[in-house]
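Undergrad: dropping the sequence and predicted coords here.
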Amino acid sequence: MKYIAIFIIFALINTTNVSFASKNPETVSKFIYRLWRIKAKQGANTTSYGRVFWERPYVIFPIVPDTVKSVKYNLRGLDCYTFVESTIAGQILGLSHGANDEYNADFRNIVNNLRFNGDSHEYGDQLYYASDWLYHLQKLGLADDITKKLGGVRYKKHIDFITHHTYLYTLLENHPKQLEKIKIREKLINKRIRYFIPALKFSTIAHKLKEGDIILFTSPVHGLDVGHMGFVTIKNNTPYLLEASKIYKKVTIDPLPIENYLAEHVHRFDGVIIGRLKLNTLNDPSH
């Protein structure tokens with residue numbers, strides 16, 4: 001497994017088409033410095049890395065299409081997707097790099113390989129659907145979807161939101177070849193056997209969740225799989241949500257336990273999908 005871990009790192013770090021917005025280099029450097037402070041602490045976990053972004057502003061669409069073949073990644077503000085993604089990229093970086101390594105380019109490249117499917121990194125190759133993104137993490141060996149194991153039930157919803165709402169994605173609407181890539185991804189998603197835990201059943205699995213688990217909130221919106229995501233953080237043996245919050249306009253921990261959070265947002269979310277990261281195996285030769 002040591003050799004698999006090494007392969008994962010080198011597979012994640014390669015040439016990419018993602019760039020940072022013009023004001024980002026200083027932000028990235030500060031982020032990297034804080035990574036090292038976290039790594040120096042014993043027992044640092046995923047949510048420790050997530051707190052690097054504590055109170056970072058929430059923004060809509062922090063990934064900005066530059067051209068069909070490139071996108072700009074904005075770390076000065078995050079949405080729920082880029083918060084989770086950047087946290088995982090930061091943890092991979094912290095676990096796999098030495099003190100003298102060049103960080104900026106490698107962080108960008110890791111993010112790119114978490115975000116895109118395969119070797120092509122055009123606009124239509126992004127993993128827009130969060131459940132598809134979690135599946136991608138499984139293929140990389142970075143996480144497991146444990147929803148079925150927790151007692152989840154079949155999630156038979158047909159996913160096609162993007163192809164029916166192309167006006168929300170200008171570059172897709174104006175570039176049929178890019179839209180075709182999305183249609184192919186949707187077909188692949190719909191062929192998979194998927195699971196979720198209905199919101200009303202969450203209390204039966206809450207005690208099985210662990211610090212740093214990825215939690216995806218399934219959406220009742222027609223054709224859409226997931227409406228929000230974040231990390232589980234445990235307080236007093238109760239799971240709470242570490243998130244880039246649209247409500248509080250920043251990265252924070254929601255004051256409600258996740259069970260109550262689901263009840264509060266019953267019209268927004270109808271269940272959850274749970275992913276468990278395997279990042280600690282990257283620097284543990286015994287795995």
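TA: Here it is on my side, so go on.

Undergrad: tell me where the stretch 1-150 of the chain has helices.
TA: Along the stretch 1-150 of the chain, counting by DSSP state H, counting those that start in this stretch, helices occupy 2-12, 24-39, 46-50, 80-96, 104-115, 130-140.

Undergrad: now the nearest residue to G90 once chain neighbours are set aside: how far from G212?
TA: Take G90 and drop its neighbours on the chain: the residue closest to it by Cβ to Cβ, 6 or more residues apart in numbering is Y49, 4.8 Å away. Heads up, the C-betas are built off the backbone N, CA and C, glycines and all. Applying Cβ to Cβ, to the nearest Å, the value for Y49 to G212 is 9 Å.

Undergrad: between the two, which one's more packed in?
TA: Set Y49 next to G212 and count neighbours by other Cβ atoms under 10 Å: Y49 wins out with 27 against 24.

Undergrad: isn't the more buried one right next to E85, touching?
TA: No: proximity of Y49 to E85 does not meet the contact threshold set by Cβ atoms under 8 Å, at 11.8 Å.

Undergrad: A89 touches L114, doesn't it?
TA: Yes: with contact defined as Cβ under 8 Å, A89 reaches L114; the gap is 6.0 Å.

Undergrad: comparing the two, which residue is more hemmed in?
TA: A89 (24 against 20).

Undergrad: quick check: beta-bridge partners of K250?
TA: Assessed by DSSP bridges, K250 has beta-bridge partners P57, S245.

Undergrad: just the pLDDT for it.
TA: The model reports K250 with a pLDDT of 96.

Undergrad: what's the distance between it and D160?
TA: 32 Å.

Undergrad: same thing with K148?
TA: Distance from K148 to D160, by Cβ to Cβ: 23 Å.

Undergrad: and for I258?
TA: 28 Å.

Undergrad: K250 - how many residues pack around it?
TA: 17.

Undergrad: make sure it is actually in contact with P57.
TA: Yes: taking contacts as Cβ under 8 Å, K250 lies within contact range of P57: 5.8 Å.

Undergrad: find the nearest non-adjacent residue to K183, please.
TA: T163 (5.4 Å).

Undergrad: on the three-state scheme, the one you found is what?
TA: With DSSP: H, G, I helix; E, B strand; the rest coil as the basis, T163 sits in helix.
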